[in-house]
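Asks: based on what follows, work out the 3D shape:
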Amino acid sequence: MASIDDLLSQIPINQIARQLGVDEATAETAVKSALPTLVGGLGANAQDPNGAASLRSALHDHSGTTLLDGGIDIDQVDTDDGDKIVSNIFGGERDRVASTLGGVGGGSGVGSDLVKQLLPILAPIVLAYIAKQVTGGGSSAPQTQGAGQAGGGLGDVLGGLLGGTGGSGGLGGVLGGLLGKGAGGGLGDVLGGLLGGGKK
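Replies: Predicted coordinates:
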């Protein structure tokens, strides 16, 4: 069963810390904040027909990746691709999401600059993980049905990730904290949409 905790367990925190030039505790805090937000952004995008089609295409592109095989090597992550993925997920709200996520850790040293560097590293890993879950670990194209919704396997995987957050604080906890930190305007709408409480 796909879960944020399972995905988190595959992230090489020590490699990310080294690449970003921070200690492992700071890297772990940043990853635990960013992962549910990336997954939530994908889930929100999948509710829109165009977003669902874009996600299916991205998953197809990542379905044959060997990124998760034998443990993730951060040096093998295509951060240019990750940058495009993050832009597609958050659009014009990208900087505000990073800024708000950077404040989640309080005095832990996680800032928006760190989050901006981290998101493009994590995004290809998240897509590879979801693609692998949807295809059952094989390399065939993801089976996603339904033009307007994330259907079938994709819907189940996203639902499992969004609902099965266990001890990592959970999407609701992270985004609830973000919304509680005075996120206003567009960011509030984006993150509110991730929680299912967006504009009516």
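
Asks: mind listing what P124 touches?
Replies: Residues near P124 by CB atoms under 8 Å, 6 or more residues apart in numbering: 62, 65, 67, 77-79, 81-82, 85. Every C-beta, even on glycine, is put in place using the N, C-alpha and C of the backbone.

Asks: ok, and the closest non-adjacent residue to it?
Replies: G82 (4.8 Å; CB to CB, 6 or more residues apart in numbering).

Asks: residues of the helix or strand harbouring the one you found that come out buried?
Replies: Assigned by DSSP states H and E, G82 falls within helix 79-90. Residues 79, 81-83, 85-86, 88-90 are the ones in helix 79-90 that count as buried (16 or more other CB atoms under 10 Å).

Asks: which stretches of this structure have low pLDDT?
Replies: When residues are selected by pLDDT under 70, those of the chain lie in 1-2, 63-64, 104-109, 137-160, 162-200.

Asks: any idea of the angle the one helix or strand T100 maps to forms with helix 79-90?
Replies: Following DSSP H and E, the helix or strand that holds T100 is helix 94-102. Counting by axes from the mean of the first three to the mean of the last three CA atoms, to 10 degrees, helix 94-102 lies at 90 degrees to helix 79-90.

Asks: next structured bit after helix 94-102?
Replies: helix 112-134.

Asks: for that next one, buried residues please.
Replies: In helix 112-134, counting by 16+ other CB under 10 Å, buried: 112, 114-134.

Asks: contact partners for D73?
Replies: Going by CB under 8 Å, 6+ apart, D73 touches 12, 15.

Asks: count of neighbours near the residue nearest to K116 when sequence neighbours are not counted?
Replies: Among residues not flanking K116 along the chain, A98 sits closest, at 4.7 Å (CB to CB, 6+ apart). By other CB atoms under 10 Å, the residues close to A98 number 22.

Asks: now do A53
Replies: Look at A53: counted by other CB under 10 Å, it has 15 neighbours.

Asks: from Q76, how far out is it?
Replies: Going from A53 to Q76 by CB to CB, to the nearest Å gives 28 Å.

Asks: the helix holding T100 to helix 112-134, inter-axis angle?
Replies: If you take the same axes, to 10 degrees, helix 94-102 sits at 100 degrees to helix 112-134.

Asks: on contacts alone, who are the packing partners of helix 94-102?
Replies: Contacts defined by 3 or more CB pairs under 8 Å, 6 or more residues apart in numbering; DSSP states H and E place helix 94-102 against helix 24-46, helix 79-90, helix 112-134, helix 185-194.
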